[in-house]
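Sequence and computational prediction follow.
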Amino acid sequence: MFKYTVASDAATQQVGAAVGRLVQPGSVIFLQGDLGAGKTTFTKGLASALGIQQYVKSPTFTLIREYTAGRIPLYHMDVYRLENGGGDELGLEEYFNGDGVSVVEWPQFIEDEWPTEYLQIMINKSATNDEQRELVFQPHGQRYEALVTQLAQML
């Protein structure tokens with residue numbers, strides 16, 4: 001586990017970009033945190049590091065947004081609306097085992113669909129500073145342990 005504190009949205013995007021430089025095809029990242037914690041902000045930074053020029057916005061109503069014009073495709077998912085089930089109908093396994101990077105917001109709602117290896121990132125808002133966030137990186141699998149080790153050295 002690795003913890004890192006940021007003091008602004010720009011810093012959150014910079015950490016996302018650092019992760020974006022380290023991911024490989026087939027990477028799965030689960031983002032957890034309250035509404036407004038910075039999950040999409042983090043994803044914007046990751047997308048920029050992948051060379052994605054499109055505007056990245058939360059896929060709350062579409063569930064999945066695909067950005068394919070970068071060095072690795074980005075599959076940005078917001079599964080909050082699946083709180084009562086239904087993730088098995090989306091073909092998530094194809095995304096998780098595919099050629100892109102899957103970033104999933106609110107992954108607890110599709111826990112039955114999780115792969116065995118992934119990077120879980122908890123974004124916690126500060127109780128005393130509206131801009132400050134603590135990012136907690138929890139790797140699951142050797143690939144993600146190596147990624148987090150590299151990330152810790154970069155930041």
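All right, it came through fine. Worth saying up front: this structure is predicted, and the values here are computed from it rather than measured. Residues are numbered from 1 along each chain as shown.

name the element residue 137 belongs to?
Per DSSP states H and E: residue 137 is located in strand 133-140.

mind listing what's buried in the helix or strand just after that strand?
Of the helices and strands lying after strand 133-140 in sequence (DSSP H and E), the nearest is helix 142-154. Buried residues in helix 142-154, counted by 16 or more other Cβ atoms under 10 Å: 143-144, 147-148, 151. Every C-beta, even on glycine, is put in place using the N, C-alpha and C of the backbone.

Okay, buried residues for the strand holding residue 137 please.
Buried residues in strand 133-140, counted by 16+ other Cβ under 10 Å: 133, 135, 137-140.

Counting by contacts, list what that strand packs against.
Judged by 3 or more Cβ pairs under 8 Å, 6 or more residues apart in numbering; DSSP states H and E, strand 133-140 is in contact with strand 2-6, helix 9-22, strand 118-125, helix 142-154.

hmm, try it at 6 Å
Where contact means 3 or more Cβ pairs under 6 Å, 6 or more residues apart in numbering; DSSP states H and E, strand 133-140 is packed against strand 2-6, strand 118-125, helix 142-154.

What mean pLDDT does the longest one get?
Right, helix 142-154. Confidence over helix 142-154 (mean pLDDT, whole number) is 95.

now it against strand 133-140, angle please.
150 degrees (axes from the mean of the first three to the mean of the last three Cα atoms, to 10 degrees).

Please list the outside residues in contact with helix 142-154.
Outside helix 142-154, the residues that touch it by Cβ atoms under 6 Å, 6 or more residues apart in numbering are 2, 18, 22, 119, 137, 139.

Keeping just the C-alphas, turn it into CSV.
Extracted C-alpha coordinates of helix 142-154, given in CSV (Å, rounded to 0.1, in the frame of the first residue of the first chain):
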residue,chain,number,x,y,z
GLN,A,142,2.6,-8.5,-8.9
ARG,A,143,2.1,-6.3,-11.9
TYR,A,144,0.4,-3.7,-9.8
GLU,A,145,2.9,-4.0,-6.9
ALA,A,146,5.6,-3.1,-9.4
LEU,A,147,3.5,-0.2,-10.8
VAL,A,148,3.0,1.2,-7.3
THR,A,149,6.7,0.8,-6.4
GLN,A,150,7.6,2.8,-9.6
LEU,A,151,4.9,5.4,-8.8
ALA,A,152,6.2,5.9,-5.3
GLN,A,153,9.7,6.6,-6.7
MET,A,154,8.3,9.0,-9.3
